[in-house]
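Q: Below are the sequence and a predicted model; questions follow.
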Amino acid sequence: MSASPIPARSADELRILLRLALPLALAQAGQALMGLVDTAVVGRAGAVQLAGAALGNAVVFTMCIVGIGVLMGADPLISQALGARDPLRARRLYWQALRVALGASAVLVLPTLALAYLLEPLGIAADVALAAREYVWWRVPGIAALLVFYAQRSYAQAVGAARALVWATVLANVLNLFGDLLLVFGGARLPAWTGPLRWIPPMGAGGSALATSLVQIGEVLFLAWVIRQIAIPQRPADLHRRLPEDERRILRVGVPIGLHFGAEVGVFALAGFLAGRLGAESLAAHQIALTWSSVTFTFAMGIGNAGSVRVGLAVGARDTPGARRAGLLAFAAGAAFMGCAAITYLLIPGLIVATMTNSAAIAALAVPLFRVAAVFQISDGVQGVGAGVLRGAGDSRFTFTANVLGHYLVGLPLTLLLGFGMGWGVVGIWWGLAAGLTAVAAALVWRFLRVSGREIVPLALPEA
């Protein structure tokens, strides 16, 4: 049996967890920050362009989140291999994850494009649907890079190279801001010395999508260089060879995670579609509140990723009590952070909305949404952390079941009842989302307590 990587004292484990969670949370938030900047920049181009970017991003993200979840199937395998003191196996698993990422991206391109062309038949206004399609077409080149990034993230976070994820995200955000400003509004107002950049036409929502695709490719190239520098005990000639059984292991763990993410993001995308049927202003307000909620949620997700690593390391070392302690501390840290976010949303919703739009009509709809978001912050954080710690334990199927039941049997009916049946509009839609998130959070806490109450067996034994 390997020596456990989980210290005996809870205070020591919390310190290690937070030290890992901070860069992961910053990296995760940085990815969402690009969406926040996109929304802020495109919002200045008008309600139609903002609504188009919102719907286009919902289409791309709804499809790609399934692939992202599949790639997270590598998380427990890599961390458990490291917990069992087998870094060579961890590197081999990384290469299998890259293959899964490329395969998943090839599968997702056609459904993503097809969904973009269904918006108008489903009742979205023609001008908004056109802007959304342009956005989707310019995001397609970055789909493979997005999924490869998550394969790289799985390995980097497990081996303790999380700071590289932060640097990649900082670089991406700087480039994305300048790319957005140039491509959304065009280069006509640039000074003469900028040369050919002045010829770039204003692309609106599509320009924002192109900027995102380009910076995602840059992130992947940077992380590929970083991972190449990470030492392993030996580099056998067949280090990069395909291992079909490990690919299948990644898929067995990852497909339920992808379906869970798809179920969760799908209900938010459906909420965006329902908001769009209420008008461009309602959809724009929904997107502003959702973008900010996504930023705070990514910090909780970063804590969940750290919890996944810590639980996985303990499971690999056959230390179930340590895994339980690591998971419960992750729950506490996630709830504490999201509680602070809730207070912020309650105190200054107007100031937050003012950073995103100068439209009084959109602001009037968005401010009440932040009050609803404040109510479900803790539930959202707890369910995000719960998915992470259960993933570290190798339990991904229950999370999918909990999301389907919570969002579609609890949240969605209330969304339709409150938003349309009772005439509460977009605010009613958000109250329904809040109920679904709360149901999922309660289920995941219960499941982790049950799973960690008995021995957790690693997913696969280390290679001989």
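A: Done, it's in. Numbering: from 1, shown residues only.

Q: Below-threshold pLDDT in this protein: ranges please.
A: 1-6, 8, 32, 36, 43, 187-188, 190, 194, 460-464 (pLDDT under 70).

Q: max-length helix in it?
A: In the chain, assigned by DSSP state H, the helix with the most residues is helix 280-316.

Q: which other helices and strands contact that helix?
A: Counting contacts by 3 or more C-beta pairs under 8 Å, 6 or more residues apart in numbering; DSSP states H and E, helix 280-316 is packed against helix 10-43, helix 47-71, helix 74-83, helix 143-158, helix 244-277, helix 320-347, helix 360-392, helix 425-451. (Each C-beta comes from the backbone N, C-alpha and C, glycine too.)

Q: Mind checking what helix or strand follows the fourth one in sequence?
A: Meaning helix 143-158. helix 162-185 (DSSP states H and E).

Q: Any buried residues in that following helix, and which?
A: Buried residues in helix 162-185, defined by neighbour count with 16 or more other C-beta atoms under 10 Å: 162, 164-169, 172-173, 175-177, 179-185.

Q: ok, now how distant is the residue of the chain positioned farthest from its centre from Trp199?
A: Farthest-out residue of the chain from its mean C-alpha position, per C-alpha atoms, centre = their mean: Ala192, at 40.0 Å. Plainly put, Ala192 is 12 Å away from Trp199 if you go by C-beta to C-beta, to the nearest Å.

Q: thought Asp246 was touching Leu98?
A: No: counting by C-beta atoms under 8 Å, Asp246 stays clear of Leu98, with 11.7 Å between them.

Q: still on that earlier bit, which residues touch the residue farthest from the centre of the chain?
A: Arg198 (C-beta atoms under 8 Å, 6 or more residues apart in numbering).

Q: Could you shift the numbering so residue one becomes 279, and keep it that way?
A: Got it, the first residue is 279 from now on, which makes the last one we talked about Ala470.

Q: now Met634, what's its secondary structure?
A: coil (DSSP: H, G, I helix; E, B strand; the rest coil).

Q: Just give the number of residues close to the nearest residue to it once chain neighbours are set aside.
A: Nearest non-adjacent residue to Met634, counting by C-beta to C-beta, 6 or more residues apart in numbering: Ile566, 4.6 Å away. Residues near Ile566, counting by other C-beta atoms under 10 Å, number 28.

Q: Next, the contact list for Ile566, please.
A: 317, 321, 631, 634-635, 640, 644, 647.

Q: just to revisit the earlier point, only the buried residues of the longest helix of the chain, if you could.
A: Along helix 558-594, these residues count as buried under the neighbour rule (16+ other C-beta under 10 Å): 558-594.

Q: now stretch 666-683
A: Under 16+ other C-beta under 10 Å, the buried positions of stretch 666-683 are 666-678, 680-683.

Q: now that stretch: how far from the chain's centre is it?
A: 16 Å (C-alpha atoms, centre = their mean, to the nearest Å).

Q: What of stretch 455-465?
A: Worked out by C-alpha atoms, centre = their mean, stretch 455-465 lies 25 Å from the chain centre.

Q: Residues in contact with that stretch: which ones?
A: 315-316, 319-320, 322-323, 327, 468, 472, 475-486, 488-490, 492-493.

Q: hmm, which of the residues you listed are the buried ones?
A: So, by 16+ other C-beta under 10 Å, the buried ones in these are 315-316, 319-320, 323, 327, 478, 481-486, 488-490, 492-493.

Q: how close does the closest residue to Ile495 other than its chain neighbours sit to Met341?
A: Excluding its sequence neighbours, the residue lying closest to Ile495 (C-beta to C-beta, 6+ apart) is Ala423, at 4.6 Å. Going from Ala423 to Met341 by C-beta to C-beta gives 15 Å.

Q: Of the two, which one has the most company?
A: The neighbour count for Ala423 versus Met341, taken as other C-beta under 10 Å, is higher for Met341 (25 against 20).

Q: Distance-wise, check that one relative to Val387.
A: Met341 sits at a distance of 9 Å from Val387 (criterion: C-beta to C-beta).

Q: just Leu643 next, same as before
A: Computed as C-beta to C-beta, the Leu643 to Val387 distance reads 34 Å.

Q: Ok, Phe615 next?
A: Phe615 is 36 Å from Val387, where distance means C-beta to C-beta.

Q: quick one, which of these two is more surrounded?
A: Phe615 (21 against 14).

Q: which residues does that one contact?
A: 574, 577-578, 581, 659.

Q: Greatest separation within those residues: which pair is it?
A: Among the contacts of Phe615, the pair separated by the greatest distance (C-beta to C-beta) is Thr574 and Ile581, at 11.6 Å.

Q: intersection of neighbour lists for the two?
A: The contact sets of Thr574 and Ile581 overlap at 615, 659 (C-beta under 8 Å, 6+ apart).

Q: All good on my end, thank you.
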